[in-house]
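A.B. asks: from the sequence below, what's the structure:
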Amino acid sequence: IGDYLMGKSKDLATGAAYQDQTESDTRYVNTAGDTMTGALNINAENTKISHSTNHLILHDTSETDTGSNWWYMYRTAGDGKLRFYRGGSDRLTLDGSGRVTTPNQPSFYAYTTSDYTATGNLTGGNKWGERWDTGNNFSDGIFTAPVAGKYYFEVMWDANSIRSTIDIQVNGTGVVRYEPTGRTDDTWETHFYSGLVNLAANDAVRLYGNMHSQSSSYPFHMGSGLWGHFAGFLIG
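C.D. replies: Residues are numbered from 1 along each chain as shown. Coordinates of the predicted model:
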């Protein structure tokens, strides 16, 4: 269809009696090396492709010549990276070795700053700190999925003198469970596990701790991130 339209545009351009061939040739892209100024409107899809210095821009035809919702694609000469840019920052980069980075991909690394000491939800009480929270989706022990997708989570903690477990729950229902194992004498023991979870947008993910048969002052100890953590990220 592209060749057909190109041919028709040439017929129209060359058919004008008041134009010579040189003037007509400036009205369509004819051979390799021809250039085109201005924006290309794809009206059937309400899409506009335009450009600025070193950039290609994709946006809706109803938008003005600048906009925070535009997608920019450009390559930087210094590091040679191909970048997809929107809303003031890079959203995806591809370097010359094929490595892809997505700096806004949701992820978090959190830990308790003081211990929960009873069976129940490990939430509330302002007992959580963070090393990072890309997207600001984690708050006081609860991660809220920003978009639907597959997510990876991992949990690590120390327990002293107790067989303790921590479940990963989604909307209050357990989806990954760590069976009660471990020492019951006066000795520390580290526990760790991970799992994949399929989430809908706005699903709430939290931890549920359980003390089995014994009591302890340190059943779910994370030591401000040194001895344990709750972390996760969106796979896609």
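A.B. asks: which strands or helices does the helix or strand containing I166 pack on?
C.D. replies: Applying DSSP states H and E as the criterion places I166 in strand 163-170. Packing contacts for strand 163-170, counted by 3 or more Cβ pairs under 8 Å, 6 or more residues apart in numbering; DSSP states H and E, involve strand 149-160, strand 173-176, strand 188-199, strand 204-212. Every C-beta, even on glycine, is put in place using the N, C-alpha and C of the backbone.
A.B. asks: can you pull out the helices in this structure?
C.D. replies: 2-14, 21-25 (DSSP state H).
A.B. asks: comparing those helices by mean pLDDT, which bottoms out?
C.D. replies: Mean pLDDT per stretch puts helix 2-14 lowest among the helices of the chain, at a mean of 46.
A.B. asks: quick one: least confident helix or strand in this protein?
C.D. replies: helix 2-14 (a mean of 46; mean pLDDT, DSSP states H and E).
A.B. asks: point out where this protein drops to low pLDDT.
C.D. replies: By pLDDT under 70, the low-scoring segments of the chain are 1-70, 72, 76-77.
A.B. asks: please repeat the previous calculation with a cut-off of 80.
C.D. replies: 1-80, 83-89, 96, 180-181, 213 (pLDDT under 80).
A.B. asks: leaving out the residues flanking it, which one is nearest to T123?
C.D. replies: G141 (3.4 Å; Cβ to Cβ, 6 or more residues apart in numbering).
A.B. asks: check the gap between the one you found and L94 for me.
C.D. replies: Per Cβ to Cβ, to the nearest Å, G141 is found 36 Å from L94.
A.B. asks: picking that back up, the strand holding I166 vs strand 149-160, what angle?
C.D. replies: 160 degrees (axes from the mean of the first three to the mean of the last three Cα atoms, to 10 degrees).
A.B. asks: partner strands of strand 163-170, parallel or antiparallel?
C.D. replies: strand 173-176 (antiparallel), strand 204-212 (antiparallel) (DSSP bridges).
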